[in-house]
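quick one: sequence plus predicted model below, questions after.
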Amino acid sequence: MPKPLPFDPIRRAAQLWEERFGEDSPVAAMASATSVMRVQQILVARLDAAVAPFDLTFARYEALVLLSFSRNGELPMSKVGERLMIHPTSVTNIVQRLAAQGYVERVRNPRDGRGMLARLTPQGRTAMERATEALHEIEFGLGALDDDQHRDLFRLLHAVRTEQGDFEEGEA
């Protein structure tokens, strides 16, 4: 972690923004968006560090968890990308790395001769479970919040995701 600044640069940017663009400008939106982006950077660093002892990144960990949630521990590559909301090239990269580690197997999809399935291995399940314990220990990097604050944050971010068409509102 870099040395902390002696002031909050986002708060200062908001003050300067208001001075430059006026109080009618979306200064609160700018400060919120910038804060979300900074928190995302902090969380990725913390979560990656937590799962690193298991030779994982958080992105690869998410793929293992997704496979563990599936009925048979396997999913078509296209479903992995869809559910993780990532580009097919990223799915291929993640699954290839996990396969090289022995955490998943790539097998032909019997329902689609051209497609491939990503299948969780016992070694992958063990790594995922151990990484999950490490993430629980650091409360997914959000230990500064209590349960009510987590629910509020989720509700607020859910509203943004809904407005942006991230998913259909009626889906679970």
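Yes, it's here.

what's the lengthiest helix in the chain packed up against?
Looking only at the chain and at elements set by DSSP state H, the helix with the highest residue count is helix 27-51. Counting contacts by 3 or more Cβ pairs under 8 Å, 6 or more residues apart in numbering; DSSP states H and E, helix 27-51 packs against helix 9-21, helix 58-69, helix 122-137. The C-beta positions use only the backbone N, C-alpha and C, and glycine is treated the same way.

would you mind getting the angle between the lowest-mean-pLDDT helix or strand in the chain and helix 122-137?
Averaged element by element with mean pLDDT, DSSP states H and E, the chain has its least confident helix or strand at strand 112-120 (a mean of 87). Orientation of strand 112-120 against helix 122-137 (axes from the mean of the first three to the mean of the last three Cα atoms, to 10 degrees) gives an angle of 50 degrees.

just checking: what are the partner strands of strand 112-120?
strand 74-76 (antiparallel), strand 104-109 (antiparallel) (DSSP bridges).

can you list the buried residues in the first one?
By neighbour count, and taking 16 or more other Cβ atoms under 10 Å as the criterion, the buried residues in strand 74-76 are Glu74, Leu75.

ok, the last one next?
By neighbour count on 16+ other Cβ under 10 Å, the buried set for strand 104-109 is Val104, Glu105.

between that strand and helix 58-69, how many degrees?
60 degrees.

tell me the mean pLDDT for strand 104-109?
Averaging pLDDT along strand 104-109 yields 94.

kindly export it (C-alpha atoms) in CSV.
Output for strand 104-109, consisting of C-alpha atoms alone and laid out as CSV, is shown next (Å, rounded to 0.1, in the frame of the first residue of the first chain):
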residue,chain,number,x,y,z
VAL,A,104,-10.5,-26.8,-13.8
GLU,A,105,-10.7,-29.1,-16.7
ARG,A,106,-11.7,-28.0,-20.2
VAL,A,107,-14.0,-30.7,-21.7
ARG,A,108,-16.1,-30.9,-24.8
ASN,A,109,-19.8,-30.0,-24.2
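
no further queries at this time; thank you.
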